[in-house]
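**Q** Next comes the sequence, and after it the predicted model I'd like to discuss.
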Amino acid sequence: MKLATWNINSLSVRLPQVLAWLADNPVDAIGLQELKLVDEKFPHDAFEAAGYHAVSFGQKTYNGVALLSRTPLRDVVRNIPGHEDAQARVIAATLDTPDGPLRVVNCYFVNGQAPGSEKFAYKMLWLAALHRWLREELLAHPRLVLLGDFNVAPEDRDSFDPVGLKDTIHHTAEERAHFQDLLKLGLTDAFRLFEHPEKSFSWWDYRMLGFQKNRGLRIDHILVSEALKGRVTACMVDRLPRKNPQPSDHAPVVVTLD
């Protein structure tokens, strides 16, 4: 079974790229972030024609998340229960698999702008609320995958310039502590179960030849619960779509469960 996450930075712009990637990489389920469109404009017909069920949680111009699955999605939750938020950042659903239910939580984490800003304070509150909710979700759903654009580079090796970017957004001690708190819930960073080349990233700035010079960050993650950890056989970043004309600034991350 293969699951993927991809911040596509506008579904209306990159729908053909998403459909082409799914045709070449027929994953069982994928979480998309930064849809930047309202639910009424979500292209259900296009994904159905490609063989996917879809649920979305969008808003105009910003944010927005969706889950696509080869099998029907049930028990859908939008945003963090009990945490009031005007932004569409979370969608969760259960997939029924031959090995039992699989809970998939797809998140577009808050960027945070800069330490000390109001947006950074919002990020800290949002991360705390996510942690509280996921603790409950894991009790109810032992087979759980948390995936998405986390907007956190968990370690220095997840940044092209850990010294120059120290204590800047995505690199702060506070953000990294929240990432570690998620792991302490019993989740595992699937990518780090395997050896990868140095400077393996999932996001590159459009500016200053970021991709060509590999000036990137690893901020797109797939975390698996303890019940799934032993079944992870691979996790990789597919850099190929980042070479497309008018690409997203993120690349898909794919995990394989045996």
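**A** Yep, that arrived. Because the structure is a prediction, the values reported are computed rather than measured. Numbers count the residues shown, from 1 in each chain.
**Q** beta partners of residue 235?
**A** Going by DSSP bridges, residue 235 is paired in beta bridges with residue 255.
**Q** So residue 5 sits against residue 145, correct?
**A** No - the pair residue 5 and residue 145 does not pass the contact test of Cβ atoms under 8 Å, sitting 9.3 Å apart. Where C-beta positions appear, they are placed from N, C-alpha and C, glycine not excepted.
**Q** Find residues that contact each of the two.
**A** Shared contacts of residue 5 and residue 145 (Cβ atoms under 8 Å, 6 or more residues apart in numbering): residue 222.
**Q** what about residue 71, how many neighbours?
**A** 13 (other Cβ atoms under 10 Å).
**Q** Repeat that for residue 148.
**A** Per other Cβ under 10 Å, the neighbour tally for residue 148 reads 26.
**Q** what bridges to it?
**A** Bridge pairing for residue 148 - DSSP bridges - gives residue 107, residue 221.
**Q** who's in contact with it?
**A** By Cβ under 8 Å, 6+ apart, residue 148 lies in contact with 5, 7, 31, 33, 65, 105, 106, 107, 108, 109, 220, 221.
**Q** Any stretches of the stretch 151-258 of the chain with poor pLDDT?
**A** Judged by pLDDT under 70, the stretch 151-258 of the chain has no weakly predicted residues.
**Q** can you pull out the strands in it?
**A** Here the stretch 151-258 of the chain has its strands, by DSSP state E, counting those that start in this stretch, at 187-189, 203-204, 216-217, 220-225, 232-237, 253-257.
**Q** quick one, which of residue 5 and residue 145 is more surrounded?
**A** Counted by other Cβ under 10 Å, residue 5 and residue 145 do not tie: residue 5 has more neighbours, with 29 against 25.
**Q** Doesn't that one belong to a strand?
**A** Yes - Residue 5: assigned to a strand according to DSSP: H, G, I helix; E, B strand; the rest coil.
**Q** partners of it in the sheet?
**A** With DSSP bridges as the criterion, residue 5 is bridged to residue 31, residue 253.
**Q** Check the secondary structure at residue 19 for me.
**A** Under the three-state scheme (three-state DSSP), residue 19 adopts helix.
**Q** Now do the same contact list for it.
**A** Contact analysis of residue 19 by Cβ under 8 Å, 6+ apart lists 46, 47, 50.
**Q** among those, who's most crowded?
**A** Of the contacts of residue 19, residue 47 is surrounded by the most neighbours, 22 neighbours in total, counting by other Cβ under 10 Å.
**Q** neighbouring contacts of the helix or strand containing that one?
**A** Assigned by DSSP states H and E, residue 47 belongs to helix 44-49. Identification of contacts with helix 44-49 by Cβ under 8 Å, 6+ apart yields 15, 19, 53, 54, 68.
**Q** In a markdown table, list those residues along with distance to residue 77, pLDDT and secondary structure.
**A** Output for the contacts of helix 44-49, formatted as a markdown table (distance: Cβ to Cβ, whole Å; pLDDT from 0 to 100; DSSP: H, G, I helix; E, B strand; the rest coil):
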| residue | distance to residue 77 | pLDDT | secondary structure |
| --- | --- | --- | --- |
| 15 | 25 | 98 | helix |
| 19 | 26 | 98 | helix |
| 53 | 16 | 98 | strand |
| 54 | 15 | 98 | strand |
| 68 | 16 | 98 | strand |
